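Colleague: starting from these lines, generate the structure:
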Amino acid sequence: MAKHNELGKQGEEYAADYLDEQGYKILDRNWMCGHKDLDIVATKDGTLVFVEVKTRSSMDWGDPEEAVNEKKIRNLVHAADAYIRYNRLDMDVRFDIISIIMDDTGFYRVEHIEEAFFPPME
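Modeller: This is a model prediction of the structure:
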């Protein structure tokens, strides 16, 4: 597996552990809808939370959350809609980002951005 893929998987593990510690119930991880995926689907306080995890080994390319661009948001919203329909859910929905910076020694920083974005109007 490529180094960046390993880093991403490790970041998702940290994010899932973090959410669990914060009282979230993890429903799914890496849920696929065609070529689109949802990193983590969780619930907390009656809200369905779709969490995009972005992990970087340094700040050389900026904050990890900056990689969540308009195209990525549209893909996440499309996959989230499919998830809701597939599971026949009727809940409030929120889109979060967990941004992780790790160095060669392991975990460095985690930032949980709640309501990081809202679905675009079409």
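Colleague: give me the most central residue, the chain.
Modeller: Glu52 (1.6 Å; CA atoms, centre = their mean).
Colleague: beta partners for that residue?
Modeller: Counting by DSSP bridges, Glu52 is bridged to Ile97.
Colleague: from Arg88, how far off is it?
Modeller: 23 Å (CB to CB, to the nearest Å). Every residue, glycine included, has its C-beta placed from N, CA and C.
Colleague: then Lys72?
Modeller: For Lys72, the distance to Arg88 - CB to CB - is 26 Å.
Colleague: wait, Leu19 sits on Val51?
Modeller: Yes - counting by CB atoms under 8 Å, Val51 is a contact partner of Leu19 at 6.9 Å.
Colleague: one step back: and Lys72 and Arg88? which has more neighbours close in?
Modeller: Shown here are Lys72 and Arg88; by other CB atoms under 10 Å, Lys72 has more neighbours (14 against 6).
Colleague: can you give me the helices in the protein?
Modeller: Assigned by DSSP state H, the helices in the chain fall at 3-21, 70-87.
Colleague: worst average pLDDT in those?
Modeller: Among those, helix 3-21 has the lowest mean pLDDT, at a mean of 85.
Colleague: enumerate the positions of that helix that are buried.
Modeller: By 16 or more other CB atoms under 10 Å, the buried positions in helix 3-21 come out as Leu7, Gly8, Gly11, Glu12, Tyr14, Ala15, Ala16, Tyr18, Leu19.
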